[in-house]
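1. Here is the input, now give the coordinates:
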Amino acid sequence: MQQHQKIYVAGHRGMVGSALVRKLQALGYTNIVTRSSAELDLRNQAAVQSFFKEEQPAFVFMAAAKVGGIHANNTFRADFIYDNLMMEANVIHAAYQYQVEKLLFLGSSCIYPKLAPQPLKEAYLLDGQLEATNEPYAIAKIAGIKLCEAYRAQYACNFISAMPTNLYGPNDNYDLQNAHVLPALIRKFHEAKMQQAPEVVLWGTGKPMREFLHVDDLAAACCFLMQDYNEAEFVNIGTGVDITIAALAQLIKEIVGYEGNIVNDTTKPDGTPRKLMDVSKMKALGWSAQIDLENGIRSVYEAYKSTH
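-> Numbering: from 1, shown residues only. Next up, the predicted model:
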């Protein structure tokens, strides 16, 4: 990937896409092409074909996706599978048709079976039942991996896939109806502090364990893979360290400075008991995460306070 070559970042306004643009610019890449969803609906095959024909990108980061937390995934099941399938199929097929030099597809750790052994190795894909609440989204992401593998096998396309763990960082979604757990907790504790509320409600038991990766680390990993990885097998991206939701809530409570109580609503679902990525493959390739969770959350909360 040369600095003058054209790079298309799909989903540049999202948390992942915007982090990719920041990282590419910091590395000196100047020929970055983007389109908002209003300018280019990636679900529209004809529009995607026209875009690729006009722009002829050499490299593609497929970071566009419809994403959300447990509530959104479970409520809008048709939207999550349809939108994601259409977007990835259109972009991957157009990348093949217009001879993109290399494409990186970004999946999600939810592709793994609900009760898979921990930590999650790449080999565990399709080895058991998925978590029911986000099955449509997971199936769409698995399809994206398999699309990349199929185009590589049939047409020798250099299409690779990476599976990030749970992400947080700048441009995250703080809407309580469809946010992921970490940004949702930041908002809950911040608002409780501002309103001097006596308690904050935490969904579920707090026992599930989750791993969290700062999106700037993900962007660095993606650029690393685009330069140095050309194999068919997808790669996990994470920290290799997890934390209970209860401990995460306590950490965020302390960072925010909230002094009330945490109350568990055990009528709400926990989701998958544990999702810890096996990141030994990335470490063997020479990359590991640099931003620790506490410092990452502190920086995110400072930014949140300045905009909320």
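2. Which parts of this protein are strands?
-> Per DSSP state E, the chain carries strands over the ranges 7-10, 32-33, 59-62, 102-106, 159-164, 166-168, 199-203, 209-214, 235-237, 242-244, 261-265, 274-275.
3. can I get those in CSV with mean pLDDT, distance to residue 73 and mean neighbour count?
-> Quick note: C-beta positions are derived from backbone N, CA and C, even for glycine. Shown next, in CSV, are those (pLDDT from 0 to 100; distance: least, Cβ to Cβ, whole Å; neighbours: other Cβ atoms under 10 Å):
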stretch, mean pLDDT, distance to residue 73, mean neighbour count
strand 7-10, 98, 21, 26
strand 32-33, 98, 30, 16
strand 59-62, 98, 20, 26
strand 102-106, 98, 17, 24
strand 159-164, 98, 16, 24
strand 166-168, 93, 13, 21
strand 199-203, 94, 13, 18
strand 209-214, 96, 15, 22
strand 235-237, 98, 21, 24
strand 242-244, 97, 20, 18
strand 261-265, 96, 18, 14
strand 274-275, 84, 14, 21
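4. Contacts for the lowest-mean-pLDDT helix or strand in the chain next, please.
-> Within the chain, no helix or strand scores below helix 70-75, which has a mean of 81 by mean pLDDT, DSSP states H and E. With contacts defined as Cβ atoms under 8 Å, 6 or more residues apart in numbering, helix 70-75 is touched by 80, 133, 134, 136, 137, 177, 178, 203, 269, 271.
5. Can you tell me the number of residues neighbouring residue 207?
-> Neighbour count for residue 207, taken as other Cβ atoms under 10 Å: 12.
6. what's near enough to touch it?
-> Residue 207 sits next to 244, 245, 246, 270, 273 when contact means Cβ under 8 Å, 6+ apart.
7. One more: residue 5?
-> 31, 58, 59, 101.
8. Could you find the closest non-adjacent residue to the first one?
-> Right, residue 31. Of all residues not flanking residue 31 in the chain, residue 6 sits nearest, at 4.7 Å (Cβ to Cβ, 6 or more residues apart in numbering).
9. So among the contacts of helix 70-75, where is pLDDT lowest?
-> Lowest pLDDT of the contacts of helix 70-75: residue 178, 71.
10. okay, residue 173: pLDDT?
-> 87.
11. if you skip the residues just before and after it, what's nearest to it?
-> residue 179 (4.9 Å).
12. do you know how far that neighbour is from residue 68?
-> 8 Å (Cβ to Cβ, to the nearest Å).
13. what sits in contact with each of these two?
-> Taking Cβ under 8 Å, 6+ apart as the criterion, residue 179 and residue 68 both touch residue 173.
14. circling back: the strands of the chain into JSON lines, with extra columns for distance to residue 42?
-> Shown next, in JSON lines, are the strands of the chain (distance: least, Cβ to Cβ, whole Å):
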{"stretch": "strand 7-10", "distance to residue 42": "7"}
{"stretch": "strand 32-33", "distance to residue 42": "14"}
{"stretch": "strand 59-62", "distance to residue 42": "9"}
{"stretch": "strand 102-106", "distance to residue 42": "13"}
{"stretch": "strand 159-164", "distance to residue 42": "16"}
{"stretch": "strand 166-168", "distance to residue 42": "20"}
{"stretch": "strand 199-203", "distance to residue 42": "31"}
{"stretch": "strand 209-214", "distance to residue 42": "24"}
{"stretch": "strand 235-237", "distance to residue 42": "22"}
{"stretch": "strand 242-244", "distance to residue 42": "32"}
{"stretch": "strand 261-265", "distance to residue 42": "36"}
{"stretch": "strand 274-275", "distance to residue 42": "27"}
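15. so how far is residue 261 from the residue nearest to residue 173?
-> In terms of Cβ to Cβ, residue 179 sits 22 Å off from residue 261.
16. Next: residue 161.
-> From residue 161 to residue 261 the distance is 43 Å (Cβ to Cβ).
17. Excluding sequence neighbours, find me the nearest residue to residue 297.
-> residue 255 (5.5 Å).
18. give me the number of residues near the one you found?
-> Count around residue 255 with other Cβ under 10 Å applied: 17.
19. swap in the one 3 residues further on?
-> Residue 258: 21 surrounding residues under other Cβ under 10 Å.
20. surely it meets residue 193?
-> Yes: using Cβ atoms under 8 Å, residue 258 makes contact with residue 193 at a distance of 4.4 Å.
21. Let me see the contact set for the closest residue to residue 210 other than its chain neighbours.
-> Leaving aside its sequence neighbours, residue 210 sits nearest to residue 166 (Cβ to Cβ, 6+ apart; 5.4 Å). The contact partners of residue 166, by Cβ under 8 Å, 6+ apart, come to 109, 180, 181, 182, 210, 211, 212, 213, 275.
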